[in-house]
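Chemist: Give me the fold of what follows.
(chains A, B, C and D)
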Number of protein chains: 2
Amino acid sequence: MDRVEIIQKIRDYVYIPDEQISVFFDYARERKLKKNEVLTRQGDSDVTIELIKSGCLMTYHTDDSDNDHVIQFGREMWWTGDLHAFKTGESSEYTVKAMAPTEVLLYSYDAFECVLQKAPKFETYFRKLFQNSLVSHQKRIIRNISCTAEEKYKAFNTTHPGLDLIVPQKYIASYLGITPEFLSKIRRRMAGK
Amino acid sequence: MDRVEIIQKIRDYVYIPDEQISVFFDYARERKLKKNEVLTRQGDSDVTIELIKSGCLMTYHTDDSDNDHVIQFGREMWWTGDLHAFKTGESSEYTVKAMAPTEVLLYSYDAFECVLQKAPKFETYFRKLFQNSLVSHQKRIIRNISCTAEEKYKAFNTTHPGLDLIVPQKYIASYLGITPEFLSKIRRRMAGK
DNA sequence: CGTCTATTTGAATGTACTCAAAAGCGGTGG
DNA sequence: CCACCGCTTTTGAGTACATTCAAATAGACG
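Modeler: Alright, predicted model coming up:
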């Protein structure tokens, strides 16, 4: 994803004139991550949000019993980060880790606010972005409460095509809310058809 | 929730000057619902979104096998409606029903767009609103995949205090993704302590 | 008071989990 | 290039959590 492609994707949401687009890039920090490198660790302060230019980031939460729960797999043109901590200034609830070599644009809270202030069209962009994200979160909730593990796994494969090639199965199991052992059994059952 | 209180709640998110606030109310349609009255039926077109002034609205989806899945319980100052259908113009995936006498402010897609255009500060309001909503949806997902039914029920009671007095138990079970029979058993177990 | 719906209860069943052990796989160093 | 190490995946047995189905009880409303 180069600059031109990013601009195009942003303009799919809302038309933003060049000078406001420039502001968006001016306030970004760039960062490259190797596979398995951690971008944000749970407990870190000064939380940022990130736009993924390329690669894949996994966001997960580690609970009191030391179990990991995968919240999101982000790919090109996805945003990641702990929105709650970002807003409140609290420390991050999540760890963000690269599942492949990854490049991101990174915004501190101050940088983000500056972009919105100097380039107000981005309010519309983010409003629509969050609105869409909300819709997909709702769908995920419905699936979680109404589908069997096998159905959830199938749905995952259609919403995240090709991710099984990048991400270890145990993390996909975690994302689906099932044990890695059980996912393995599901796959065997599905293969035998 | 009268007009003054609503304005105050909106201004908790972002300061909006009086003239823009007026636009917000000018484009709203008001509607009162009796208990059990349906505001939107699954399959309806010309979908709206609603701000609840008072009362309680339940949003649910009926699947192909005729099972209901409760997505949301909305109360004072919550927004409801099928955001996806609202945006795309498709027919509603959800039914919205009053669980108690309810008053709402109601926006068609066109009215909503007019508000945003004439009162651009509302872009910020909705951006922050959706942002917060996203955070709570994420938390709900984590609970769904990592908690037992009993833990989910306890969490529900703290996030939705007093709702058990208004809403039949079977709908709460549906919201939690468990059967009404099992919720009944959980409650017995919890009472016996 | 009677009807309709919601809730409770119990028994049988199924789905997914835990624990433990074996097999597979990828990277690293000799 | 191969052998080894660590981590992931598979497999199986036993178990726990939650469901289904059926029937009884309790509550709400006209």
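
Chemist: average model confidence for the lengthiest helix in chain A?
Modeler: Secondary structure of chain A per DSSP state H: the longest helix is helix A:121-146. Helix A:121-146 comes out with an average pLDDT of 95.

Chemist: which residue ranges form the strands in chain A?
Modeler: For chain A, applying DSSP state E gives strands covering A:29-33, A:38-40, A:49-54, A:57-62, A:68-74, A:79-80, A:95-98, A:102-107.

Chemist: Could you export those as TSV, including mean neighbour count and mean pLDDT?
Modeler: Heads up, the C-betas are built off the backbone N, CA and C, glycines and all. Shown next, in TSV, are the strands of chain A (neighbours: other Cβ atoms under 10 Å in any protein chain shown; pLDDT from 0 to 100):
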stretch	mean neighbour count	mean pLDDT
strand A:29-33	14	95
strand A:38-40	19	95
strand A:49-54	21	97
strand A:57-62	21	95
strand A:68-74	20	95
strand A:79-80	21	98
strand A:95-98	22	96
strand A:102-107	22	97
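
Chemist: one step back: against which helices or strands is the longest helix of chain A packed?
Modeler: Contact analysis of helix A:121-146 by 3 or more Cβ pairs under 8 Å, 6 or more residues apart in numbering or on different chains; DSSP states H and E lists helix A:3-13, helix A:18-26, helix A:109-118, helix A:149-159, strand B:68-74, helix B:83-88, helix B:121-146 as its packing neighbours.

Chemist: ok, and what's touching the third one?
Modeler: By that I understand helix A:109-118. Residues from elsewhere that reach helix A:109-118 (Cβ atoms under 8 Å, 6 or more residues apart in numbering or on different chains): A:20, A:23-24, A:27-29, A:47-49, A:86-87, A:89, A:107, A:122-123, A:126, B:124.

Chemist: near DNA strand D, from those?
Modeler: Checked against DNA strand D using Cβ under 7 Å from any atom of the strand, these give no members in range.

Chemist: Please convert the buried members of those residues into ChimeraX selection syntax.
Modeler: To isolate the buried ones among these in ChimeraX, judged by 16 or more other Cβ atoms under 10 Å in any protein chain shown, type:
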select /A:20,23,24,27,28,47,48,49,86,87,107,122,123,126 /B:124
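
Chemist: How about A:Glu30, nearest residue that isn't a chain neighbour?
Modeler: A:Leu105 (6.2 Å; Cβ to Cβ, 6 or more residues apart in numbering or on different chains).

Chemist: what sits opposite that neighbour in the beta ladder?
Modeler: A:Leu105 has these beta-bridge partners by DSSP bridges: A:Glu30, A:Leu51.

Chemist: where's it relative to B:Asn157, distance?
Modeler: 41 Å (Cβ to Cβ, to the nearest Å).

Chemist: got CSV for the strands of chain A, with distance to B:Cys147 too?
Modeler: Formatted as CSV, the strands of chain A follow (distance: least, Cβ to Cβ, whole Å):
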stretch, distance to B:Cys147
strand A:29-33, 31
strand A:38-40, 24
strand A:49-54, 27
strand A:57-62, 13
strand A:68-74, 10
strand A:79-80, 24
strand A:95-98, 20
strand A:102-107, 31
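
Chemist: where does chain A come near DNA strand D, residue by residue?
Modeler: Where chain A comes near DNA strand D, counting by Cβ under 7 Å from any atom of the strand, the residues are A:Pro168, A:Gln169, A:Lys170, A:Pro180, A:Glu181, A:Leu183, A:Ser184, A:Lys185, A:Arg187, A:Arg188.
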